[in-house]
Structure formats: C-alpha cells, structure tokens
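[1] Sequence and predicted structure below; questions after.
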Amino acid sequence: MPAERADGVVIIGDLHMSSGDRYECFREDDALARFLEHVGTRAAAEGQHLLILGDLIDFLNVRSAEGQRRDADTSAASAVAKLERVAAEHATAFRALGVLATAGCPISIVLGNHDIELAHEAAQQRFVELVVRASGRREASERISFQPWIFHLPGVLYAEHGSQYHDLNAFPAIAAPHAASRGSIELPLGSHVTRFLIDLAESIDPGGTMRPDVRALLAACRARPALVARTLGAHARFSRALVAHSVRSWQPRRRAARTAYREHVLRSYADAAGLAFETLVALDELAALSPLAVERRALRALASRPAAGAPAELRRAAHAVHALLEAQGTSVPVCAFGHTHRAEQLQLDEGHQYVNCGTWSSLLPRALEPLGDAARFTFIDVTADDGSGRATARLLRWNDAEERAEPYVPLAATDLSGV
C-alpha cells in the first residue's frame, strides 16, 4: 500500500553517514538530533511523517572491519558489518531517530545510490535493531520502514532519490537490485568511479588526509611523478570493474532480464507504491540506460571531480515524471528528489512544484562550496492547505544556532513549464 497519511511530511536526504575517518562527510549528529526533536514536537501536536530521501548511509566510504581496504562488496553480510561501524560513530543520530519514531512520527527511508545495500532485508533489520539499541526504545521498530524506489502519497507527494535519472548512478532493477545477482548488488558505474578515486587517494597518501578530489590527486602526481607507481593497483581494479560492467551491459540477455523485472517485480511492487503497473513501467523507461553513453560519461568524469548529478538532469526528470503522472490521472502537486545536494524549488506549471531537499553532508557542488553551512541543513516541509486541502511544499533550512526552521532561498529559480 502507499505511504501512511499524516498532516505533514518532512523530507531530508543525502546525509552520507560513514564511519568517522578521513572520508566522513557527516559530522552534524547533535544538530540533526535537535532538528529531529523539533520534528517530534510537531508530530505530537500536528502529526508528521519523516521521509529520508536516500543516501542516509554512505556504504562505499565504510570498511567492513578495521584495517580492511574499502571495497565494493555489496553482500548482506558486508552491509550489516558496515552498519555496525556507522552506528557506533553516529550513536547520537541513531538515538534521535529512535526517540522520534517513539514519539509517534513514522520514518520512511528511501534508498539512494550510496545506500542501496539497505535493499537487503538483513541490513534493514539490523538498522532498526541499531536504532532500538541506541535509543532504548523497542517500540521504535514499529514505525521505521524502507522503500526501494518510490515514496508516494496519492494526491499529495511523489518522491524518490533521483539517481535513476543520472545515467552513471542508475540501477537496472531499482525495485529489487539484489534479486538477480546471488545476494550481491550490481553497482552502477558511478560507484566504481567513486571507489577508484578513494583508492587513488589512499594509494597516494596512505594514512593521510587527502580527499578523493581529481584536481588534488593530479597535483600530487605532478609534484611527485614517482607516486604514479603506487596507483597501478587502483587502475587495475577500476579497469576490471569497467570491463565487467561493459560485458554485463552488452549481454544479449540484458533486455530480456529487464522485461522479466518489469513483469514480475514491478507488477508486485505496484501495490506498495500505490501506482498502476503501467505507470511504474513508464517511470522505469525514463531511466533506460545506454551502455555506451554511460561508459563514455564515466571516463569523462575522471577528468573532473564527479558530481552527484547535474541539477538540470533532475529538473528535466521532474518535468517528465509530472507529465507522466498527469497523463495517467495520478498527478500530485509536489514532486521531490534528492541526489544533487543542491536544494531548490521550481515551478513545473501552475499548481505543481519540483523540490530538492539538498544535503546535510559536507559534499557540496563546487558552486555552493563558498556558501558552506548556508547551503546545508535544508529540508522540505509538505503540508495540506487548510482551506483547499491541496498540498504545498516549503523549502526550509534548519538554523541550529537558533534551533528553528527558516526559509531557504536557493541560488536560482527556474520556470520549467517550457522544458
């Protein structure tokens, strides 16, 4: 069934929690706890639903065990082990989630491209157990749920992480990413690019502070050409990943597998999403991948720091999703994505908006880096208008210094009606 109704929905995303070492991108547990307390107070008075719109956890940035190299192991066992390390580092955040759920606020977690391992039932179960352990609130387990792809409130809200419309980070079977791979999840090429850059940073500066930034890595190698020899293993691992991805993408049975996925997985997922099977197939078609284009994009991405996704890609996707839902008679006034780490609110047409929840992490697009915290701690507040009953969305920012929400003014607003 579609998501449970509440008087309002609060949407955050892209926290990228990891295990606290040099690649940790989220160090705002205390601020998040105060924000969730604020949401809990509203939930007690008004009824609220917290939606975490993908990339809550950054599994690529977490080792399965101390001393191990970061890897692309996406098995359930690896995911559970990594979750233990994340929960130990972010006990305050996990505790706050448990307290919020116990206060009567349902929490829905949509999967993103960095926490796709939460598709494993064992990982979901362990996540909930870790929240219960951190908060001491056993009853919290009853109000935490997971959505592999879409969060949908009929007539109110359509939301997903957004990586499906960014070819480097899209999954061929997002609603069941582990169903056809013997328990592991086939990562998109964008994840292998990220892993490659992390591998390079650790090869060039083992135990140091260098981040996986292309410009910094190139500068280090230019300054000390001998460092290039250290990166041969990283290049070999990425080359193998690129070849394996290419072989899988061009296999003749790939098209048949996608057809089977739509018929068997999406047909059963339709009830959970609260959308018609034909609508899900059409949405899946929006994310259809061209293997050659993806591989070219991956190689070009290595010439500059890979971004989470260009804002224009998700703006076009929002317009396409809106047009599709409207044609199917299931239009909603609010379409929400995450993924780009750029909070924005745009008018699709009269009465329909696209809103991006931005990020709470330190991973900001280059254009927003000078703004620092002013571009973070953003969230979406979706409420039903008392007069018309029609849902409206506000893009807000948590001012932690004053412990209050305030309007967030994005860098630019664009009318998408002509896209």
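    Cool, the structure landed.

[2] contacts, neighbours, all on C-alpha from now
    OK.

[3] all strands of the protein, in order?
    Assigned by DSSP state E, the chain shows strands spanning 8-12, 48-53, 107-110, 144-147, 151-153, 157-159, 334-337, 344-349, 352-356, 378-384, 391-399, 404-407.

[4] To Glu28, which of those lies closest?
    Closest approach to Glu28 among these is made by strand 391-399 (11.8 Å; CA to CA).

[5] and the direction of that closest one versus that of strand 344-349, what angle?
    170 degrees (axes from the mean of the first three to the mean of the last three CA atoms, to 10 degrees).

[6] Kindly export strand 391-399 (C-alpha atoms) in PDB.
    C-alpha atoms of strand 391-399 as PDB (Å, rounded to 0.1, in the frame of the first residue of the first chain):
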ATOM      1  CA  ALA A 391      -0.600  20.100  -0.600                       C
ATOM      2  CA  THR A 392       2.000  22.700  -0.700                       C
ATOM      3  CA  ALA A 393       5.800  22.500  -0.200                       C
ATOM      4  CA  ARG A 394       8.200  24.900   1.500                       C
ATOM      5  CA  LEU A 395      11.900  24.600   1.200                       C
ATOM      6  CA  LEU A 396      13.400  25.400   4.600                       C
ATOM      7  CA  ARG A 397      16.800  25.300   6.400                       C
ATOM      8  CA  TRP A 398      17.500  24.300  10.000                       C
ATOM      9  CA  ASN A 399      19.200  27.200  11.800                       C
END
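
[7] strands paired with it, and their directions?
    The strands beside strand 391-399 in its sheet (DSSP bridges) come out as strand 378-384 (antiparallel), strand 404-407 (antiparallel).

[8] Pick the most deeply packed of these.
    Mean neighbour count (mean count of other CA atoms under 10 Å) peaks for strand 378-384 among the strands paired with strand 391-399, with a mean of 22.

[9] Looking at per-residue confidence, what score does Arg376 get?
    For Arg376, the model assigns a pLDDT of 93.

[10] oh, I was asking about Pro212
    According to the model, Pro212 scores 76 on pLDDT.

[11] residues touching it, list them.
    By CA atoms under 8 Å, 6 or more residues apart in numbering, the contact set of Pro212 is Thr194, Leu197, Ile198, Leu200, Ala201.

[12] Format the strands paired with strand 391-399 as JSON lines; extra columns: distance to Ser268.
    Putting those into JSON lines (distance: least, CA to CA, whole Å) gives the following:
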{"stretch": "strand 378-384", "distance to Ser268": "28"}
{"stretch": "strand 404-407", "distance to Ser268": "39"}
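
[13] hmm, who's touching stretch 199-207?
    The contact list for stretch 199-207, computed with CA under 8 Å, 6+ apart, reads Arg70, Gly208, Met210, Arg211, Pro212, Leu217, Ala220, Leu227, Val228, Arg230, Thr231, Ala234.

[14] Oops, could you answer that again for stretch 109-119 instead?
    Identification of contacts with stretch 109-119 by CA under 8 Å, 6+ apart yields 16, 51-60, 74-76, 79, 123-124, 144-151, 160-163, 169-170, 176-178, 185, 191, 339.

[15] before we move on, what about stretch 216-223?
    Leu200, Ala201, Ile204, Met210, Leu227, Val228.

[16] For ChimeraX, write the selection for the buried entries among these.
    Listed next is the ChimeraX selection for buried residues among the contacts of stretch 216-223, using 16 or more other CA atoms under 10 Å:
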select :200,201,204,210,228
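
[17] Any chance of a markdown table for the contacts of stretch 216-223, columns distance to Leu130?
    Shown next, in a markdown table, are the contacts of stretch 216-223 (distance: CA to CA, whole Å):
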| residue | distance to Leu130 |
| --- | --- |
| Leu200 | 32 |
| Ala201 | 31 |
| Ile204 | 35 |
| Met210 | 31 |
| Leu227 | 41 |
| Val228 | 41 |
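
[18] Can you say which two of the contacts of stretch 216-223 are spatially most distant?
    Within the contacts of stretch 216-223, two members stand farthest from each other by CA to CA: Met210 and Val228, at 15.2 Å.

[19] Quick check: phi and psi at the closest residue to Ser184 other than its chain neighbours.
    Sequence neighbours aside, Ser75 is the residue nearest to Ser184 in space, at 4.5 Å (criterion: CA to CA, 6 or more residues apart in numbering). Taking degrees, to the nearest 10, you get phi -70, psi 160 for the backbone angles of Ser75.
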